[in-house]
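Participant: Sharing a sequence plus its predicted fold:
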Amino acid sequence: MKAILLGSNGQLAKEFVNNSSNFNLELISFSKDKLDITNFFELKEAIKRYMPDVVLNCAAYNYVDKAESDWQAAYRVNALGPRNLAVLSNEFNYTLVHFSSDYVFDGTSSKPYLIYDEPNPISIYGRSKLSGEREVSSLCSKYYIIRTSWVFGDGPNSFPKKLIEWSKGKDNLKVVCDQFSSPTSARYLASKTMFVVGNMPYGTYHITNSGYCSRFEWAKFIFNFLKIDIEIVPVSSDEFMAPAKRPLFSVLDNFPLSSDEDWKDSTINYLSTSFQL
Ligand SMILES: NC(=O)C1=CN([C@@H]2O[C@H](COP(=O)(O)OP(=O)(O)OC[C@H]3O[C@@H](n4cnc5c(N)ncnc54)[C@H](OP(=O)(O)O)[C@@H]3O)[C@@H](O)[C@H]2O)C=CC1
Ligand SMILES: Cc1cn([C@H]2C[C@H](O)[C@@H](COP(=O)(O)OP(=O)(O)O[C@H]3O[C@@H](C)C(=O)[C@@H](O)[C@H]3O)O2)c(=O)[nH]c1=O
């Protein structure tokens, strides 16, 4: 299967690139510098040139706090970019694989969100991602929208890597204990996405690792496993006065898919390879 991948320097993108032969993908990948998804004409040229069967859109504006002020950039990348890709999917007949977020939900539910539950984002980032979903589902027919949560993988932007940075030079670290979701490894997400593309009808899916935890529990798990001696102090989200509100409970029910790998196993695999234990 010939595929174009966009946003190739991201966490998820790297998993597709590194495992392309296992996934049977003849992959042509572009970083933001080489191909910007907000540039319709350059996108069209690339699509016309390579005529892919599939486009994997791993490009996104993921700066949740910054999006509150820099909202035009968030909508440009997370909504107008997917619009370009959806329009071109109709013209060139490729399947569009687009990724979205648990942050499209408001987090007030007491049970995991189904694909049929009504989104109600509470941040600009969440609204921009929901707008991207709507562009894709309304403008093209051959699409997969895949929502996921708390992705960790290669690169400095994953929560585990941020925790290590935040903890440097400290003997205690405050971590929020009132936000719950499923940490999801980029590796698992890429491989389950390929299963969906090969086996499931078009539409919207939830793909996450199984189980869930608070950010506090996840942090404790990570520092324990890495044997880093630091006190992790549970605090409420209010204590950080972050510009963007986060959903408090954004666990995604993977129905009708199964979720085959627990977040703890994925976290251990990731820590063992990323920190060369
Ligand atoms: N990370 C997470 O916790 C979660 C992510 N998701 C979604 O999953 C998908 C993959 O996320 P993840 O791998 O973590 O993302 P990353 O932030 O790791 O990677 C996104 C990539 O997109 C690039 N990019 C930004 N703007 C453009 C543009 N205009 N054109 C082309 N490329 C661009 C970025 O480049 P640069 O860095 O140079 O800007 C970056 O390399 C995204 O859709 C994301 O919204 C959903 C839930 C959770
Ligand atoms: C600095 C600091 C922050 N925090 C908290 C505040 C805030 O709730 C959270 C911020 O961490 P992050 O920046 O990783 O979180 P955030 O950017 O909100 O992560 C989200 O990213 C987007 C892309 C998604 O789609 C979501 O699924 C989710 O992964 O961490 C602590 O608990 N302790 C600290 O010392």
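Facilitator: Looks like it came in fine. Ligands and ions are numbered 1, 2, ... in the order given.
Participant: got a list of contacts for the helix or strand in which residue 221 is found?
Facilitator: Taking DSSP states H and E as the criterion, residue 221 maps to helix 215-225. In this structure, residues lying in contact with helix 215-225 by Cβ atoms under 8 Å, 6 or more residues apart in numbering are 150, 159-160, 163, 167, 173, 175-177, 179, 183, 213, 230, 232, 234, 263-264, 267-268, 271. (Each C-beta comes from the backbone N, C-alpha and C, glycine too.)
Participant: Return the subset of the residues you listed lying in helices.
Facilitator: 159, 160, 163, 167, 263, 264, 267, 268, 271 (DSSP state H).
Participant: Excluding sequence neighbours, find me the nearest residue to residue 236.
Facilitator: Counting by Cβ to Cβ, 6 or more residues apart in numbering, the nearest residue to residue 236 once its immediate chain neighbours are dropped is residue 178, at 5.2 Å.
Participant: from memory that neighbour sits against residue 249, does it?
Facilitator: No: counting by Cβ atoms under 8 Å, residue 178 stays clear of residue 249, with 9.0 Å between them.
Participant: Compare those two (neighbour count), which wins?
Facilitator: residue 249 (20 against 17; other Cβ atoms under 10 Å).
Participant: backbone phi and psi for the more buried one, please?
Facilitator: When quoted as degrees, to the nearest 10, the phi and psi of residue 249 stand at phi -140, psi 100.
Participant: returning to that earlier point: pull out the buried members of the contacts of helix 215-225.
Facilitator: With burial judged by 16 or more other Cβ atoms under 10 Å, the buried subset of those is 150, 159-160, 163, 167, 173, 175-177, 179, 183, 213, 230, 232, 263-264, 267, 271.
Participant: Ligand 2 next: which of those residues are close?
Facilitator: Among the buried ones among the contacts of helix 215-225, the residues within reach of ligand 2 (Cβ under 6 Å from any ligand atom) are 150, 159, 173, 175, 176, 179.
Participant: Closest one to residue 80 out of these, please.
Facilitator: residue 150 (25.5 Å; Cβ to Cβ).
Participant: Which parts of the chain are strands?
Facilitator: Listed in chain order, the strands of the chain (DSSP state E) span residues 2-6, 26-30, 54-57, 95-101, 143-148, 151-152, 172-176, 180-181, 184-185, 203-206, 213-214, 231-235.
Participant: Which one of those strands lies nearest to residue 242?
Facilitator: Counting by Cβ to Cβ, residue 242 lies closest to strand 172-176 out of these; the figure is 9.3 Å.
Participant: Which residues are in contact with the residue in the chain that ligand 2 sits nearest to?
Facilitator: Nearest to ligand 2, among the residues of the chain, is residue 101, at 3.4 Å (Cβ to the nearest ligand atom). Remark: with contacts taken as Cβ under 8 Å, 6+ apart, residue 101 is in contact with 125, 126, 129, 147, 148, 149.
Participant: Of these - the most surrounded one?
Facilitator: Among the contacts of residue 101, where neighbours are counted by other Cβ under 10 Å, the top count belongs to residue 129, at 31 neighbours.
Participant: Tell me which residues touch that residue, please.
Facilitator: Residues near residue 129 by Cβ under 8 Å, 6+ apart: 60, 78, 100, 101, 103, 104, 121.
Participant: Hmm, the first one is touching residue 76, no?
Facilitator: Right, residue 60. No: taking Cβ under 8 Å as the definition, residue 60 is not a contact partner of residue 76, at 11.2 Å.
Participant: Of these two, which one has the most company?
Facilitator: With other Cβ under 10 Å as the criterion, residue 60 and residue 76 differ in neighbour count, and residue 60 comes out ahead with 25 against 16.
Participant: Done for today, thanks.
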